[in-house]
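J.: pasting the sequence and the predicted coordinates here, then a few questions.
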Amino acid sequence: SQKIEQNSEALNIQEGKTATLTCNYTNYSPAYLQWYRQDPGRGPVFLLLIRENEKEKRKERLKVTFDTTLKQSLFHITASQPADSATYLCALDIGNTGKLIFGQGTTLQVKP
Amino acid sequence: DGGITQSPKYLFRKEGQNVTLSCEQNLNHDAMYWYRQDPGQGLRLIYYSQIVNDFQKGDIAEGYSVSREKKESFPLTVTSAQKNPTAFYLCASSGIAGTDTGELFFGEGSRLTVL
């Protein structure tokens, strides 16, 4: 079955630096992959979606890459700010069922 | 404002009791989902529904039940058969199941604690 792995260790970086989070998956490549942000005690909020035929997607300070050969997506936050501190989840679809499976998330802490 | 509303936000229950978590959306979305989140774990799919009067089991459906009588409502019942029900429950919806967007809109969650 399809599995997703995100680095379970928290990522601590200094304000202004670029944060890079990793999402690896097994088995087949999904049609698309999504990234969400989750704050403590809140529901996740959608950030970006990247399709299998796209190498890179950008939105303001966010950048997502998708490498189907490596079965990996990287999520970058440039010029990071303390307000970026949160848990970031990657999710991918299961065929065309509309179902998404989620990684366990990586917690980012940006220190001023 | 359009959105998805879960209630209650916090719920305490004694062992052996069934509880029902409410989820309502006014986004006119076809698909709705229930996920469970435990500390240090990702979201796990309990049930999902792509259309009214139809729903499918997710990965951890045992001990749970749902109904989808109206497009905007997808309540989840946690039954006494669920062995470890204490968790954070998240409801979500999306526009059209099976499309290539599939962006999920989440509610604020319901935290269930079994005493």
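T.: Nice, thanks for sending it over.
J.: from here on, just use CA atoms for contacts and neighbour counts.
T.: OK.
J.: what's opposite residue B:106 in the beta bridge?
T.: On the basis of DSSP bridges, residue B:106 takes part in beta bridges with residue B:92.
J.: identify the bridge partners of the residue nearest to residue A:72 when sequence neighbours are not counted.
T.: Once flanking residues are discounted, residue A:72 sits nearest to residue A:24: 4.5 Å by C-alpha to C-alpha, 6 or more residues apart in numbering or on different chains. Here residue A:24 sits in beta bridges with residue A:5, residue A:72, going by DSSP bridges.
J.: how about the residues of chain A by chain B?
T.: A:8, A:31-32, A:34, A:41-46, A:49, A:89, A:96-99, A:101-105 (C-alpha under 8 Å from any C-alpha of the partner chain).
J.: count of neighbours near residue 49?
T.: In the absence of a named chain, this looks at chain A. Neighbour count of residue A:49, defined by other C-alpha atoms under 10 Å in any protein chain shown: 21.
J.: my question was about chain B
T.: 25.
J.: picking up where we left off before, out of the residues of chain A next to chain B, list just those in strands.
T.: A:32, A:34, A:45, A:46, A:49, A:89, A:101, A:102 (DSSP state E).
J.: taking chain A, what residue is nearest to chain B?
T.: residue A:104 (3.5 Å; C-alpha to the nearest C-alpha).
J.: show me what the helix or strand of chain A with the lowest mean pLDDT is packed up against.
T.: Ranked by mean pLDDT, DSSP states H and E, the weakest helix or strand in chain A is strand A:100-102, scoring a mean of 88. For strand A:100-102, the elements it packs on are strand A:86-93, strand B:43-51, judged by 3 or more C-alpha pairs under 8 Å, 6 or more residues apart in numbering or on different chains; DSSP states H and E.
J.: mind redoing it with 10 Å?
T.: Under the contact criterion of 3 or more C-alpha pairs under 10 Å, 6 or more residues apart in numbering or on different chains; DSSP states H and E, strand A:100-102 touches strand A:4-6, strand A:32-38, strand A:86-93, strand B:43-51.
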